[in-house]
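> starting from these lines, generate the structure:
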Amino acid sequence: MTTPGPLALVGGDELHPGNEEQDRVLVEAAAGGSAFVLATAAGRQRPELAVRHAVDWFGSLGLTVEELPATKRSHVTSKQNAERARAGRFFYLVGGDPGLVPKTLAGSPVWDAILAAWRDGAALAGSSAGAMAMGEWTLVRDRMPGDDRRRYLPALGLVPNVAVLPHFETFGHRWVESAASASPHDGVVLLGIDERSAAVWQNGEWSAYGPGSVTVIAEETRRFPSGAAIEGVPAPG
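Sure, this is the predicted structure:
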């Protein structure tokens, strides 16, 4: 029986110095295999630039990364792209628009192939909107741009009962009140992750990585600094 690879939920400001700790975990798990960046969340914001940054950043860490096209539904229903994904050993979903990732990827052959590869030991990560998509729900603006009020949309559901709040130390903390009041049911776990920091699932437990911290908001609020085991977050499914 194979063991799933590491899963990293990054709080944003990815592909910059300060992310080395969690990114080296991912690079090590890739073991030199095929490595892909998905610019799904950046589909309306120059996705080619996000890909270029990922290639440069992970290249500096010793890993050759290429784009797995995933900004259109036709990309993620492609048999060829799904076959490439199934053979992959590393997947990184960059930040951008939190509503785009589940809308584009959910139920697609490419996402199914990524999950199968992860369950066989590949590394999987998402930052900001990419991390939000890994939960059961993602949070989008309730109304106008700049509105701190958030509403829930179904996400990819890899981490059940969780909604991720990235950029937590800069602006994500402002979403807590509306996210708590709009919760789809009692017991939703809000996972606040600081920029350049991550909640990483590996070897059967969650741990905090990076220069910031991870905050778990459920019946009580608990903050976990870098290096700490994170409690209160469900295992990925």
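
> report the contact partners of the nearest residue to Glu66 once chain neighbours are set aside.
Using Cβ to Cβ, 6 or more residues apart in numbering and skipping residues adjacent in sequence, the residue nearest Glu66 is Phe36, 6.3 Å away. Just so you know, the C-beta spots here come from the backbone N, C-alpha and C atoms, and that holds for glycine as well. If you count contacts by Cβ atoms under 8 Å, 6 or more residues apart in numbering, Phe36 has them with 65-68, 84-85, 88, 90-92.

> tell me how far Phe36 lies from Glu136.
Here Phe36 is placed at a distance of 24 Å from Glu136 (Cβ to Cβ, to the nearest Å).

> residue ranges with poor pLDDT in the protein?
The model of the chain has pLDDT under 70 over residues 1, 143-148.

> and the strands in it?
Here the chain has its strands, by DSSP state E, at 7-10, 35-38, 66-67, 90-93, 123-127, 135-141, 150-154, 159-165, 189-193, 198-202, 205-209, 213-217, 221-225, 229-230.

> out of those, nearest to Ala29?
strand 123-127 (3.9 Å; Cβ to Cβ).

> residues in contact with the closest one?
Residues contacting strand 123-127 (Cβ under 8 Å, 6+ apart): 5-14, 22-23, 25-27, 29-30, 89-95, 101, 114, 118, 131-134, 166, 198.

> what's the spacing between that strand and its chain's center?
Put simply, strand 123-127 sits 5 Å off its chain's centre (Cα atoms, centre = their mean, to the nearest Å).

> quick one: strands adjacent to that strand?
Using DSSP bridges, the strands paired with strand 123-127 are strand 7-10 (parallel), strand 90-93 (parallel).

> buried sites along it?
Buried residues in strand 123-127, counted by 16 or more other Cβ atoms under 10 Å: 123-127.

> now do it and strand 189-193, the angle between them.
Per axes from the mean of the first three to the mean of the last three Cα atoms, to 10 degrees, the angle that strand 123-127 makes with strand 189-193 is 80 degrees.

> any idea of the angle strand 123-127 forms with strand 198-202?
Counting by the same axes, to 10 degrees, strand 123-127 lies at 160 degrees to strand 198-202.

> returning to what we had before: which of the strands paired with strand 123-127 sits closest to Ala228?
Checking the strands paired with strand 123-127 against Ala228 by Cβ to Cβ gives strand 7-10 as the closest, at 15.1 Å.
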